[in-house]
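Trainee: Got a predicted structure plus its sequence, pasted below:
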Amino acid sequence: MPGIFISFEGPDGAGKTTALQNLVPLLKACTDEELVVSREPGGSPISEKIRKIILDITDDHMDDRTEALLYAAARRQHLIDVILPALNDGKIMLTDRFVDSSVAYQGGGREIGMDEVAKINDFAIDGHLPDLTIYFDVTPEVGLARIRKDHEEAMDRLEQASIDFHKRVHESYLKLVKDNPQRIVSIDASQDPDMVVADALAVIQKRFPDVFNGGN
Ligand SMILES: Nc1ncnc2c1ncn2[C@@H]1O[C@H](COP(=O)(O)OP(=O)(O)OP(=O)(O)O)[C@@H](O)[C@H]1O
Ligand SMILES: Cc1cn([C@H]2C[C@H](O)[C@@H](COP(=O)(O)O)O2)c(=O)[nH]c1=O
């Protein structure tokens, strides 16, 4: 059986990482298949090195297109080192962010253009889109307030961008959801953490009923 590829997307502070941590044991309990959990930018040794460069707050003069290309390069290596091997082994691949992040943040947020950024990423991903993307919807105000409460002193270069940037990212995600109804399912990430996890689990079980139907 070919594996299943699921990505988790959303603005900064949407709660993807927290939800994934709580979702994984629940998913393991209802499937016999092996799960691989990863993140972008990063997920493999080379991609984690690129992550450090991209998010470094001292890289304050990084060109927007350089930033877009670095995210795409990190993604390519993550795909080759982690995602494709997992899928070829029939595993369930869960990644915290994938190509939609670039389209929303660099395409919309940095105003390079969503189509333009999708095009450079076509070269990186070579047709390998997720089978399902769960989009965690929160307003930038709510997401950034969570981040400030959590780690204001250590906010990275992207988190420190202006509120207008984060509003454009949010609007771009909403456009992606509207334009990709077959692949992207939106959940309300402003709810309590338990409700968010329950919604994400329900979306996955509904989309893959034969895989997440009991397990063990
Ligand atoms: N549903 C929620 N309600 C309130 N606070 C939450 C919720 N989910 C997560 N948080 C808190 O918000 C902060 C950011 O959460 P988390 O790191 O999971 O978000 P994220 O989507 O992974 O963000 P980023 O992509 O910016 O890393 C953390 O302090 C976390 O405890
Ligand atoms: C993959 C990807 C990410 N970003 C942004 C989104 C976040 O602000 C950071 C990553 O940090 P996280 O805490 O691991 O979510 O990078 C982006 O702008 N473009 C991308 O392709």
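Mentor: That came in fine, so what should we check first? Numbers count the residues shown, from 1 in each chain. Ligands and ions are numbered 1, 2, ... in the order given.
Trainee: got a list of what Asp131 touches?
Mentor: Contacts of Asp131 were listed using C-beta atoms under 8 Å, 6 or more residues apart in numbering, and they are Ile4, Phe5, Ile6, Arg183, Arg207. All C-beta spots, glycine's among them, are computed from the backbone N, C-alpha and C.
Trainee: Val211 too?
Mentor: Residues in contact with Val211 (C-beta under 8 Å, 6+ apart) are Ile4, Thr31, Glu33, Ile92.
Trainee: how about a cut-off of 6 Å?
Mentor: By C-beta atoms under 6 Å, 6 or more residues apart in numbering, the contact set of Val211 is Thr31.
Trainee: quick one: average confidence on the longest helix seen in the chain?
Mentor: As assigned by DSSP state H, the longest helix anywhere in the chain is helix 163-179. Mean pLDDT, helix 163-179: 98.
Trainee: Could you list the buried residues of it?
Mentor: Phe165, His166, Lys167, Arg168, Val169, His170, Ser172, Tyr173, Leu176, Val177 (16 or more other C-beta atoms under 10 Å).
Trainee: Just the closest of the residues you listed to ligand 2, please.
Mentor: Nearest to ligand 2 among the buried residues of helix 163-179, counting by C-beta to the nearest ligand atom, is Val169 at 7.8 Å.
Trainee: Spatially nearest residue to the closest one, not counting backbone neighbours?
Mentor: Gly109 (4.2 Å; C-beta to C-beta, 6 or more residues apart in numbering).
Trainee: Find me the pLDDT at the one you found, would you?
Mentor: 98.
Trainee: and whichever residue of the chain sits closest to ligand 1, how many neighbours does it have?
Mentor: Closest residue of the chain to ligand 1, C-beta to the nearest ligand atom: Gly15 (2.7 Å). Gly15 is flanked by 22 other residues according to other C-beta atoms under 10 Å.
Trainee: Would you mind listing the buried residues in stretch 102-119?
Mentor: 102-110, 112, 114, 117-118.
Trainee: I'd like to know which of those residues are part of strands.
Mentor: Using DSSP state E, no member of the buried residues of stretch 102-119 sits in strands.
Trainee: What parts of the protein come near ligand 1?
Mentor: 10, 12-18, 146-147, 150, 192-193, 196 (C-beta under 6 Å from any ligand atom).
Trainee: Buried ones among the residues you listed?
Mentor: Gly10, Asp12, Gly13, Ala14, Gly15, Lys16, Thr18, Arg146, Ile147, Val196.
Trainee: mind listing the strands for the chain?
Mentor: Using DSSP E, strands in the chain cover 4-9, 35-39, 92-96, 132-137, 184-188.
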